[in-house]
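Peer 1: Structure of the sequence below:
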Amino acid sequence: MSQKVVWQSFPLRKSVQAFESLVSKLELAEPTGELVEEIGDYPFYPAQGPSGDPVMKLSPKVLHQWIVRLGDVPESAVRAMHPSDVWQIGMALAGFFAAGSGSELQAS
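Peer 2: Below you'll find the model as predicted:
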């Protein structure tokens, strides 16, 4: 990605190594249509909830790809992140893509 414009910043519960730097706050670029095409999937998918209602579930593997690309960090940094930080970023991305859909989100 060239010249990242920060969409959102996320303070991390624990710092992670990203290339040569220790990162305590992850800054994500705004998602683009081009990135949707490159990654080939959204970080969530429609599913059926326990009561039969439609819900949106997060896909952890795809979510990691989005964090790598939007945050310009290696996969190892994402794997080292606290799970609640990954979840928080996933919820922000889901809200970005599914704003106004009224769907509930669940981890898969």
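
Peer 1: Quick check: mean pLDDT of the lengthiest helix in the chain?
Peer 2: Counting by DSSP state H, the longest helix found in the chain is helix 83-98. Looking at helix 83-98 alone, the average pLDDT works out to 92.

Peer 1: next one: stretch 4-14
Peer 2: Average pLDDT, stretch 4-14: 93.

Peer 1: Sort out which residues of that stretch are buried, please.
Peer 2: Buried residues in stretch 4-14, counted by 16 or more other Cβ atoms under 10 Å: Phe10, Leu12. Glycine gets a C-beta too; all of them are placed from N, C-alpha and C.

Peer 1: Check stretch 58-72 too.
Peer 2: Neighbour-count burial for stretch 58-72 flags 58-60, 62-72 (criterion: 16+ other Cβ under 10 Å).

Peer 1: I'd like the average pLDDT over that stretch.
Peer 2: On average, stretch 58-72 scores 96.

Peer 1: roughly how far is it from the heart of the chain?
Peer 2: Distance of stretch 58-72 from its chain centroid, counting by Cα atoms, centre = their mean, to the nearest Å, is 5 Å.

Peer 1: got the contact list for that stretch?
Peer 2: Applying Cβ atoms under 8 Å, 6 or more residues apart in numbering, the external contacts of stretch 58-72 come out as 1, 4, 7, 18, 26-31, 35, 38-39, 41-45, 73-75, 77-79, 81, 86-87, 89-90, 93-94, 105-108.

Peer 1: Can you go through those residues and name the buried ones?
Peer 2: If you count burial by 16+ other Cβ under 10 Å, the buried members of these come out as 18, 26-29, 31, 35, 39, 42-44, 73, 77-78, 81, 86-87, 89-90, 93-94, 105.
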